[in-house]
Structures are given as structure tokens and as C-alpha cells.
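[1] structure of the sequence below:
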Amino acid sequence: MAADVDPYRPKALGSNALYTPTYVQSHLTVSDPASLYNARIKGRHVPLANPAKDRPPKSTSKKSTGKTSVRKALVRDRTRKGGWQLEKEAERFDLFVPLHRLWVEYMSELLGLASSSEHPSRMPNSASMHPKLVKADLHGSLLTVRQSRNPCLVGLSGIVLYESENAFRVITKINQVKLIPKQNTIFVLAIPLYSTLDATQIPSTSRPADAQTQAQASIPTVLDVPHLEFELYGNQFRYRSAERAGRKFKAKETIEL
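    Numbers count the residues shown, from 1 in each chain. Presented below is the predicted three-dimensional model:
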């Protein structure tokens, strides 16, 4: 290399040797690159990269306007307004016994149970009840916890006041409202063996006001009459009652706790 060569010296370009026209025309393989440059490139704005696209704000994205977000917003609004809370004076088991009786009559009609006077010795076909039980409304039913990872919940029994996707809210005979999760819990659902539409299977609880302050264990429920018991596996029952009514259930094995 010669000693007088300066590699950092800027290259001298004359007025007739502009860099862009010279570079573009030298890389064109057409017969007349000058005319093509003047027609398509000269005096025009040529982007060297793709322009950035404008993204919509997060508030109008598909995720925030989906059905799941709307449903969660409704649940938060109901919870904030106290839609699922009972007043302290209303936490009494005897107040919800009529709701339980109404549910028993609903199950008698749904399952088509026969009265005890018509077929006193015939047992109903339990296999035909399964498709109807998984889609039935359980508000007012009497559930008992048979198995759970929480030992404090085993044996807990009460009338269902509210069913959500992941839990049951029940009231026990000692006037306590409990929230029982469905996950990893096995419930026992009791239904009457015979129809109660004739209002003779479960006796009435109409009694004087002073007698209603006695022990709540004397109030009759479906457990006080001939009944059938079915096991509900909470892991397979984690749906809302409205969703469960239109869902197609498939028989599958369940791993024991």
C-alpha cells in the first residue's frame, strides 16, 4: 500500500457522479438503466423498510371483548353488590326447608318416581337416572361431603343455597353457611325413593313459634324418608348449573383421592 493513501479520507464525488443514480443504474440489467431510473425512482420517496403497522389499543382487543371477560365483569359486579350474601338473620336452616321440599318435588317429577302406594316393592332403575341427575338443578338439594382433601369438610351436610362453577354454598342444620369447593371432593346426593308430589312422604313443619326454636335436627328432610344416594365427583362436576343443562357428558374413569 502506498504511504500517501489515506483510508479515512472521504471519497470525492463530483456533481456529475451522484451516488444514488450511479449505484442504482450500475445494478440494473436492462438495456437503458438511465431511462428506467428517471421513470420509476427519480424524485420519488422509496421506503427502504416496511412501515410499522398501527396496533389497536388493548381496550379494544379481542381478548378484552370476549365472552369470558364480560362474564367475569358481571360476577365481580354481583359480588361487589352482595348478590350472593345472606343477612345474619336469614342464616337459619328452617327457613330453607321449604326450598328443599320444592327441590324434592322437582326431582320426583323429573325422574318420574312412582308413589309408594302404587309400587311399594319395586326399585327404580338407577342407571336411567344418571343422565338426568348430571343436568338437574341442585339449588335446594341436600349434599353431604363423603371424601375430601380437607378433613374438616368430611361429613358436612347442608342444603345448597348457591352453586357456582367451582363450589357449593350450603347451610347446615346448626345454622352455619359453608362454602365447599368441588375440586377433589366427593359428594353424596340423596333423592327420595318414592314420589313426594302427594305431600305425604315428608311431613309438614308447621308448628307453633316456640317449637320452631327447638333443635334443628328434628326438622324432616329427604334423609328422614326412604331415599337413594348417588355419589357426585366434584372434579367432573365443575360447571355452572346453566352450562350443565346443555352439556353432553361422557362416561370416563375417575381416579380416587
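
[2] can you give me the helices for the stretch 151-257 of the chain?
    241-245 (DSSP state H, counting those that start in this stretch).

[3] now it, which segments are flagged as low pLDDT?
    Within the stretch 151-257 of the chain, the ranges that satisfy pLDDT under 70 run 198-219, 249-257.

[4] next, the buried residues of stretch 179-198.
    180-182, 185-187, 189-196 (16 or more other CB atoms under 10 Å). All C-beta atoms are positioned from the backbone trio N, CA, C, and that covers glycine.

[5] among the residues you listed, name the ones in strands.
    Secondary structure from DSSP state E places 180, 181, 185, 186, 187, 189, 190, 191, 192 of the buried residues of stretch 179-198 in strands.

[6] turn those residues into JSON lines, columns for distance to residue 232.
    Formatted as JSON lines, those follow (distance: CB to CB, whole Å):
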{"residue": "180", "distance to residue 232": "11"}
{"residue": "181", "distance to residue 232": "13"}
{"residue": "185", "distance to residue 232": "9"}
{"residue": "186", "distance to residue 232": "7"}
{"residue": "187", "distance to residue 232": "4"}
{"residue": "189", "distance to residue 232": "5"}
{"residue": "190", "distance to residue 232": "11"}
{"residue": "191", "distance to residue 232": "12"}
{"residue": "192", "distance to residue 232": "17"}
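
[7] and those, which two are the farthest apart?
    181 and 192 (27.4 Å; CB to CB).

[8] am I right that residue 169 is in contact with residue 162?
    Yes - if you go by CB atoms under 8 Å, residue 169 and residue 162 touch, sitting 4.3 Å apart.

[9] for the stretch 151-257 of the chain, what spans make up the strands?
    157-163, 167-171, 177-181, 185-192, 227-233 (DSSP state E, counting those that start in this stretch).

[10] quick revisit: out of the buried residues of stretch 179-198, which is nearest to residue 141?
    Using CB to CB, the buried residues of stretch 179-198 come closest to residue 141 at residue 189, 6.2 Å.

[11] tell me, how many residues neighbour the residue lying closest to the closest one once chain neighbours are set aside?
    Among residues not flanking residue 189 along the chain, residue 230 sits closest, at 4.8 Å (CB to CB, 6 or more residues apart in numbering). Per other CB atoms under 10 Å, the neighbour tally for residue 230 reads 14.

[12] again, but for residue 35
    Neighbour tally, residue 35, other CB under 10 Å: 11.

[13] any idea how far residue 28 is from it?
    10 Å (CB to CB, to the nearest Å).

[14] assign a three-state SS to residue 146, would you?
    Put simply, residue 146 is strand when judged by DSSP: H, G, I helix; E, B strand; the rest coil.
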